[in-house]
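Asks: this is the structure alone, sequence omitted:
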């Protein structure tokens, strides 16, 4: 058997075939037969004969080895192409603009009048807020107070309402849900809507033509069915905001005078509208002092040390002005 394999190897060597001792007798015979058939039929295509000779069952000429070689060549070609792309000069990129640079021209001009490193007194802040309002409409003046509270704690979840002496500058539509007697009194006091059970029909039709809803304690159980409609819009009456009361007449009068509700958000900040730019300095000052007084009165007993972290005054779409913390100390 060994002699026969040796003879086959000598014959294969004479034909310049790429076979070794590692190949089996069957593989050597197949290679010799393929070479012989090429000599018998020289008209066969060169591509076909080359493929048959080049492909073996094992070794460097096997189909798997040839496929891996081709994949490696393609990978090196892609790598060379990527290196060529990296060597090309990159297009210049514009640096990222600051938040202020992305603002409008009017806003930037207004912001230049405010020193961000300075803490302004209340009088100075009001003057700046009026002069730096960048919009053409009558902007709302807003107070933003970051408090040293944790809203997740029940006693620190601050919520209250305050009657601003000069009003809010907004025309509110007031609705009252009470019995017939109280509804009639509320209507005379200036309520836009004052009804008894017929008011529920409007809620059922999703007719919410009001901005404030006042209800008496006796009527509150009937509103429970519509909590999912009123709650998300901030219209559900609440005792803390003074919209659940036994005296709806007084609640209507307060709403007409400029009563506004505020509460701390999840980050510990109170956002409160205190009037319009058109109010002028005197009215804005009286509203701000009343708002600050109300916030101060709600300081939880569990808070030790400073109650306020920072205090800002701003207008609609205008730059903010930081106030001295002593204004709320």
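Replies: Ah, there it is. Just so we're clear, the structure is a prediction, and the values are computed from it rather than from any experiment.

Asks: just the strands in the stretch 51-200 of the chain please.
Replies: In the stretch 51-200 of the chain, the strands defined using DSSP state E, counting those that start in this stretch lie at 140-147, 159-163, 174-177, 193-195.

Asks: tell me which of the ones you listed sits nearest to residue 278.
Replies: Nearest to residue 278, of all the strands of the stretch 51-200 of the chain, is strand 140-147, at 9.9 Å by C-beta to C-beta. Glycine gets a C-beta too; all of them are placed from N, C-alpha and C.

Asks: which elements pack onto the closest one?
Replies: Counting contacts by 3 or more C-beta pairs under 8 Å, 6 or more residues apart in numbering; DSSP states H and E, strand 140-147 is packed against strand 269-276, helix 281-297, strand 308-315.

Asks: nearest to residue 218, out of these?
Replies: That would be helix 281-297 among the helices and strands packed on strand 140-147, by C-beta to C-beta, at 28.5 Å.

Asks: residue 12 touches residue 28, doesn't it?
Replies: Yes - at 5.7 Å, residue 12 counts as touching residue 28 under the criterion of C-beta atoms under 8 Å.

Asks: list the residues that contact both of these two?
Replies: residue 19 (C-beta atoms under 8 Å, 6 or more residues apart in numbering).

Asks: what about the chain, any weak spots by pLDDT?
Replies: 1-4, 36-59, 83-91, 326-329 (pLDDT under 70).

Asks: ok, which stretches of it are helices?
Replies: Remark: helices assigned in the chain by DSSP state H are 2-14, 25-40, 46-54, 63-87, 105-111, 122-131, 180-189, 198-204, 220-223, 227-230, 248-257, 281-297.

Asks: present the helices and strands packed on strand 140-147 as TSV; the columns should include mean neighbour count and distance to residue 157.
Replies: Below are those laid out as TSV (neighbours: other C-beta atoms under 10 Å; distance: least, C-beta to C-beta, whole Å):
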stretch	mean neighbour count	distance to residue 157
strand 269-276	21	11
helix 281-297	18	14
strand 308-315	20	17
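
Asks: out of those, nearest to residue 108?
Replies: Closest approach to residue 108 among those (C-beta to C-beta): strand 308-315, 15.3 Å.

Asks: in its sheet, what does the closest one sit against?
Replies: Note on strand 308-315: by DSSP bridges, its sheet partners are strand 140-147 (antiparallel), strand 321-322 (antiparallel).

Asks: among the ones you listed, which is nearest residue 274?
Replies: Among the strands paired with strand 308-315, the nearest to residue 274 by C-beta to C-beta is strand 140-147 (5.2 Å).

Asks: hmm, residue 192 is touching residue 211, no?
Replies: No - applying C-beta under 8 Å as the test, residue 192 and residue 211 come out as separate, 9.0 Å apart.
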